[in-house]
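**Q** Please find the sequence and the predicted model below.
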Amino acid sequence: MGTDPSPRFAASGETTSPARGEGGGNRQVVLDRVARAWHPQSGMTPARFIEKWGDSELRERQGAQEHFIDLCRLLGEPTPAEDDPKGDHYCFERGAEKVGGGDGWADVWRKGCFGWEYKGKHKDLNAALRQLQAYALDLENPPYLVVSDMERIIVHTNWTNTVSRRIEFSFDDLREPRRLDELRLVFRGSDRLKPQVSPQDITAKAAARFGELGRRLQERGHHPRAVAHFLNRLVFCMFAEDARLLPAELFTRTLRATEKKPALATAQLAELFSKMRTGGFFGADVIRFFNGGLFDDAGVLPLEAADLKLIVDTASEHDWSEIDPAIFGTLFEQALKATRERPALGAHYTDREKILKIVDPVIIRPLTAEWEAAKADIAAAMEKADAAEADLLLAVSNDDNANMLSCLFGKRMGARKTVLRIKDMRPFHGFRTFFRRNLEFDYVLSLEELAATEIVKTIRQNRAVGVENFAEGKIQLRRLRLDEKSSFI
């Protein structure tokens, strides 16, 4: 008879129940065997994973890759080297260019699935998320941004036009098959965890909720302009705490603590608004300075307990960092038009679709027609120049836009290499990889930037009599002694 290779489980009556005096030790052995039966090749079980990484004191660089590989074994997912030996779509240490300039590395990246950033134990995972967000464009905007300190795994959904969702996994969660299945969805880039709420949805909800609050305040005799200004402050505070411009949940925590004490809530809001105007301490929390005039005065309209509950409930429901900025103008505009007979303040939030009904025929269609005509002209010019047969295409006219499009068309027609001349390199700073990928050029040069660099280098090589710095070192005034034969004269 042949042997049965399938895993065997103890039936009732077999000798796998805990022996007397051993507590649950044998039970854990049985659970480990069951877990290994799910992934017999890995030998990694939730208990082993937790035991290993719960006791670990390794720093980020020392433990990140092994932690991720063990997680792959636990989930039955391939490691980067197993799935992609070349590192083209799944790898450790994926190089990425930051939005705003500078280069960095995502600890793990899987194309179309996730970007993953590690920190050491008990480190700031919000900082890790900000780091990933700076790389996201160059990582091709994966649907999940994941951060971990080797004890916690926090997943942030990253789909366009959806409200980001935060999903946290602790060691205890890894013992539950349901939570492991959730984590597998992240590894595979599944859209089953995609939030169904869009920024337009939460913006409309905020407009309706705060419209109700505005109606109450106006009925108590407050001027519509003062009401609109106050509501915009409240909405901005909800946005700021979720965008980490304010300490996490500071606004919500403050109002929740004073929800049944309206007078105290009014005093606390006045103090918070005052600190947002100047910067400083609000209790033990450091508050940044917010410019723009929204907090130029610390006036707070008196609120009742029902008002505070509405604000707290609304603030707690969603990630308000995703709110559409249009709501600020909507609330203010409606307040200026408001009368007691008009609909409630803010109830007429104008969503993106209605705005596009105007924008599309007035702006989009004419620009699209111009673009189609320009494309035809460029394609004809490229064909006339035999771009498809060129070993090297030089796009060096005085028009930056024409040069970019010439490189793109030339490469797609078959040119082997393209050189792009740009006069103004500022749009490229921090986005060079993005532009290279989308415009398909091989080399970029700016004669103006090269000349400026040489001038600066020449000046710095000459010994200065005096140096004065302005604007925090961004501007430098140098006094030089030149002889009569100097090339500068």
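**A** Received, thanks. These figures come from a predicted structure and were not determined experimentally.

**Q** Phi and psi next, for the most centrally placed residue in the chain.
**A** The structure's the chain has its C-alpha centroid closest to Gln133; by Cα atoms, centre = their mean the separation is 3.7 Å. Torsion angles at Gln133 (phi, psi; degrees, to the nearest 10) stand at phi -60, psi -30.

**Q** need the contact list for the residue nearest to it when sequence neighbours are not counted.
**A** Ranked by Cβ to Cβ, 6 or more residues apart in numbering and with sequence neighbours excluded, the top spatial neighbour of Gln133 is Leu145, at 6.7 Å. From N, CA and C alone the C-beta is placed, and that goes for glycine too. Neighbouring residues of Leu145 by Cβ atoms under 8 Å, 6 or more residues apart in numbering: 114-115, 117, 129, 132-133, 136, 155-156, 158.

**Q** For the residues you listed, pick the one with the most neighbours.
**A** Tallying neighbours with other Cβ atoms under 10 Å puts Gly115 at the head of those, with 28 neighbours.

**Q** For it, which three-state class applies?
**A** Following DSSP: H, G, I helix; E, B strand; the rest coil, the label given to Gly115 is strand.

**Q** OK, contacts around it?
**A** With Cβ under 8 Å, 6+ apart, Gly115 has these contacts: 94, 106, 108-109, 132, 135-136, 139, 142, 144-146.

**Q** Also Leu180?
**A** 46, 74-75, 174.

**Q** cool, Ile422 as well?
**A** By Cβ under 8 Å, 6+ apart, Ile422 lies in contact with 400, 403-404, 428, 444-446.

**Q** Out of the residues you listed, which end up buried?
**A** For the contacts of Ile422, a burial check counting by 16 or more other Cβ atoms under 10 Å picks out 400, 403-404, 428, 444, 446.

**Q** Nearest to Ile167 among those residues?
**A** Nearest to Ile167 among the buried ones among the contacts of Ile422 is Phe428, at 36.0 Å by Cβ to Cβ.

**Q** Just give me the neighbour total for the closest residue to that closest one other than its chain neighbours.
**A** Leaving aside its sequence neighbours, Phe428 sits nearest to Phe435 (Cβ to Cβ, 6+ apart; 5.7 Å). As a burial measure, Phe435 scores 17 neighbours (other Cβ under 10 Å).

**Q** Need the pLDDT of Phe435.
**A** Here, the pLDDT recorded for Phe435 equals 74.

**Q** wait, isn't it in contact with Met425?
**A** No - using Cβ atoms under 8 Å, Phe435 is not in contact with Met425; the gap is 10.3 Å.

**Q** got the contact list for Ala78?
**A** Heads up, residue 78 is Pro, not Ala. Contacts of Pro78 by Cβ under 8 Å, 6+ apart are 72, 90.

**Q** Okay, buried residues for the helix or strand containing Val235 please.
**A** Assigned by DSSP states H and E, Val235 belongs to helix 224-242. Using 16+ other Cβ under 10 Å as the test for burial, helix 224-242 gives 224, 227-242.

**Q** next one: stretch 313-325
**A** 314-315, 318-324.

**Q** Now do the closest residue to Glu117 other than its chain neighbours: how many residues are near it, please.
**A** Nearest residue to Glu117, sequence neighbours excluded (Cβ to Cβ, 6+ apart): Ala128, at 4.3 Å. By other Cβ under 10 Å, 22 other residues sit near Ala128.

**Q** Compile the contacts of Ile422 into CSV and extend it with columns for secondary structure.
**A** Shown next, in CSV, are the contacts of Ile422 (three-state DSSP):
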residue, secondary structure
Asp400, helix
Asn403, helix
Met404, helix
Phe428, helix
Val444, strand
Leu445, strand
Ser446, coil
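
**Q** just the residues you listed: which has the poorest pLDDT?
**A** Among the contacts of Ile422, Phe428 has the lowest pLDDT, at 74.

**Q** wait, isn't that one in contact with Leu445?
**A** No - Phe428 lies out of contact with Leu445 (Cβ under 8 Å); the separation is 11.2 Å.

**Q** in the chain, what spans have low per-residue confidence?
**A** 1-42, 97-102, 298, 325-359, 429-434, 460-465, 472-474, 487-489 (pLDDT under 70).

**Q** so where do the strands sit in it?
**A** Per DSSP state E, the chain carries strands over the ranges 90-97, 103-110, 114-118, 144-148, 153-157, 166-169, 280-282, 285-287, 392-395, 417-421, 443-445, 464-470, 475-480.

**Q** want to throw those into TSV with distance to Ile378?
**A** Formatted as TSV, the strands of the chain follow (distance: least, Cβ to Cβ, whole Å):
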stretch	distance to Ile378
strand 90-97	28
strand 103-110	32
strand 114-118	35
strand 144-148	37
strand 153-157	39
strand 166-169	45
strand 280-282	56
strand 285-287	52
strand 392-395	10
strand 417-421	13
strand 443-445	19
strand 464-470	44
strand 475-480	40
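
**Q** what residues are up against the closest residue to Met382 other than its chain neighbours?
**A** If you skip the residues right next to it in sequence, Met382 has Phe409 as its closest partner in space, 5.0 Å away by Cβ to Cβ, 6+ apart. Neighbour list for Phe409: 375, 378-379, 382, 387 [criterion: Cβ under 8 Å, 6+ apart].

**Q** Tell me the one of these nearest Gly414?
**A** Ala387 (7.2 Å).

**Q** neighbours of the closest residue to the closest one other than its chain neighbours, just the number please.
**A** The spatial neighbour of Ala387 that comes closest, neighbours along the chain excluded (Cβ to Cβ, 6+ apart), is Gly410 at 4.3 Å. Residue neighbour count, defined by other Cβ under 10 Å, stands at 27 for Gly410.

**Q** cool, Gly54 as well?
**A** 10.

**Q** Touching, it and Phe171? I think so.
**A** Yes - the pair Gly54 / Phe171 is scored as a contact, 6.2 Å apart, by Cβ under 8 Å.

**Q** Now for the two: what residues contact both?
**A** Common contacts of Gly54 and Phe171, defined by Cβ under 8 Å, 6+ apart, comprise Glu151.
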